[in-house]
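Colleague: What follows is a predicted structure for the sequence shown.
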Amino acid sequence: MGTTQSTQLLNHDFLFLDQVDHAEWYRIVSSHFPMRRLTSNCLLTFKPDKSRLLMIEFDHPHRISSVTPVGLTADELETIQRDIKDKLVDNQQDAIGQTVLLSGARIEGRFLYKQDFQIVPTPQRAPQVEHAFGEHPYMLQLRYKRSSDELTNRLRIQKRVFELVPIMNGISRTPFLLPAKYTIFRWGTLPTADNPTPEWFQVGYKAEGLELTNTVFDQSNPRVMRIAREEYYGNYANPNFPFVLPDNFELLLEKAFSLPHDVYQKLHRACMWLAMGREIWRISAAAAFVGVVSALESLIDRPEKCSECEQSLTEALEKCPKCQQPKYKITKSFMTFIETYIPRIAQKRELKKCIYKVRSGLAHGLVDPLMGDNAPWIFEHPELAEQEWLQQELFDCASEAIVNWLQSYPVKAK
């Protein structure tokens, strides 16, 4: 057995910290230490008897800044080093992986973006929704770096899925459902059972026999039908049946992926809010309303903050003629944003008037939830029909704003 190491800082090169993703690095290292404890800026990973541990310090962006072993032998450190090298450094090969996801449209053609990722139908043998309305399965094929470790491969594919699906959802009129971060279980019944009783089921879709981590781009299916962008984002009645895409979809994706990192994060956040708003409306109209308006707010430039207390500087621009209270810049910025990026809202005065008012009240608990959360049947309250219309209009407006904001954002030539 090697000699016991003294408590000393490890060189970054020894554990390849400058070559690998730090989240992947931590997952590999933590498999050698079943116990862990987190402090403000230090993570302790240790053996059950606490005789051997690693002190992992990280900085504000959650990047590992230093690693200090305590009580570990040279052999033990070399074992960890070999594990990291084998799974995260050596033999990292270009590969195509795929996963099955769900969409609001039945996808019958393929869309390929720059040999980087592709949307394709699931195999004919895979289970399908028989009717037009529902959650339709499709496959997302994507390029990634393949490792010798299968768990690393699956997590890398999943990470790219979380990067791509919100953007696809934000710039198309077709809802692409977000993948679940964790396994979900719910009560359900099987209609084919002789005596259907509620059972505890795992939620999700699985197509048997699919190679997930080492496949090729499908070329057997026809390409997805394309229509003019004006028709798609304007008056096209329903772009989901059959599934179509606008003729500028590649250009929008290229623009999104060319944004500076901080601007891209704003776009990704807006698309996430839009996706979550679309998905939660069946449970809560109020939460969906807050989520979708939050998508719009994500794209608005933030007001300056006080250098001392970090609060936003709510500069008063004018006073309300009735209550004489100041109308703050954040409200004006929001209204200016929607007028700029949702041109048709000028003809929808009621929608424009209530968007910020209702959202602000709901988010801060100042008003009751939208009536639809308490009375699910429209015929019980005729005004609910108007709320349903408002909800759909809001989804369309948020999608339009994201696309128009993206198209207008200046990207410098490289």
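Modeller: Good, I have the coordinates. Residues are numbered from 1 along each chain as shown.

Colleague: So residue 277: helix, strand or coil?
Modeller: The three-state assignment at residue 277 reads helix, by DSSP: H, G, I helix; E, B strand; the rest coil.

Colleague: From what I see, it and residue 292 are in contact.
Modeller: Yes - Residue 277 sits in contact with residue 292 when judged by Cβ atoms under 8 Å, with a separation of 3.7 Å. Quick note: C-beta positions are derived from backbone N, CA and C, even for glycine.

Colleague: out of these two, which sits in the more crowded spot?
Modeller: Counted by other Cβ atoms under 10 Å, residue 277 and residue 292 do not tie: residue 292 has more neighbours, with 27 against 22.

Colleague: buried sites along the strand or helix carrying that one?
Modeller: Applying DSSP states H and E as the criterion places residue 292 in helix 285-298. By neighbour count, with 16 or more other Cβ atoms under 10 Å as the criterion, the buried positions of helix 285-298 are 285-298.

Colleague: With stretch 149-166 instead?
Modeller: Buried residues in stretch 149-166, counting neighbours by 16+ other Cβ under 10 Å, are found at 149, 152, 153, 155, 156, 157, 160, 161, 164, 165, 166.

Colleague: Now for the second one: which residues touch it?
Modeller: The neighbours of residue 152, taking Cβ atoms under 8 Å, 6 or more residues apart in numbering as the test, are 24, 27, 28, 87, 88.

Colleague: Same list as before, these that is, but in TSV and with pLDDT and secondary structure included.
Modeller: Rendered in TSV, the data for those read as follows (pLDDT from 0 to 100; DSSP: H, G, I helix; E, B strand; the rest coil):
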residue	pLDDT	secondary structure
24	94	helix
27	92	helix
28	94	helix
87	96	helix
88	97	helix
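
Colleague: can you pick the most crowded of those residues?
Modeller: Neighbour counts for the contacts of residue 152 peak at residue 87, which has 23 neighbours (criterion: other Cβ under 10 Å).

Colleague: In the chain, where is pLDDT below threshold?
Modeller: Within the chain, the stretches falling below the threshold (pLDDT under 70) are 1-8, 60, 193, 235-240, 302-331, 350, 353-354, 356-389, 411-414.

Colleague: Outline the domain layout of it.
Modeller: 22-89, 93-257, 279-408 (automatic domain parsing).

Colleague: Throw these into JSON lines and include distance to residue 270, thanks.
Modeller: Shown next, in JSON lines, are those (distance: least, Cβ to Cβ, whole Å):
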{"stretch": "domain 22-89", "distance to residue 270": "22"}
{"stretch": "domain 93-257", "distance to residue 270": "7"}
{"stretch": "domain 279-408", "distance to residue 270": "4"}
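
Colleague: Relative to residue 265, which of these is closest?
Modeller: Ranking the domains of the chain by their distance to residue 265 (criterion: Cβ to Cβ) puts domain 279-408 first, at 9.3 Å.

Colleague: Pull the contacting residues for residue 48.
Modeller: Contacts here follow Cβ under 8 Å, 6+ apart; on that basis residue 48 touches 34, 35.

Colleague: doesn't it fall inside a helix?
Modeller: No - secondary structure of residue 48 (three-state DSSP): coil, not part of a helix.

Colleague: ok, now how distant is it from residue 77?
Modeller: Using Cβ to Cβ, to the nearest Å, one obtains 19 Å as the distance from residue 48 to residue 77.

Colleague: cool, residue 140 as well?
Modeller: For residue 140, the distance to residue 77 under the criterion Cβ to Cβ works out to 39 Å.

Colleague: What of residue 123?
Modeller: If you measure residue 123 against residue 77 using Cβ to Cβ, the figure is 47 Å.

Colleague: Can you pull out the residues in contact with stretch 161-177?
Modeller: Stretch 161-177 is contacted by residues 99, 101-105, 117, 119, 135, 140, 142, 178-179, 232-233, 236, 239-240, 243, 245-246, 249, 252-253, 256, 267-268, 270-272, 274-275, 278-279, 295, 396, 399, 402-403, 406 when judged by Cβ under 8 Å, 6+ apart.

Colleague: Ok, stretch 58-65 next?
Modeller: Counting by Cβ under 8 Å, 6+ apart, stretch 58-65 makes contact with 17, 22, 25, 26, 41, 42, 43, 56, 57, all of which sit outside it.

Colleague: swap the cut-off to 10 Å and go again
Modeller: With contacts defined as Cβ atoms under 10 Å, 6 or more residues apart in numbering, stretch 58-65 is touched by 12, 15, 17, 22-23, 25-26, 29, 38, 41-43, 56-57, 66-67.
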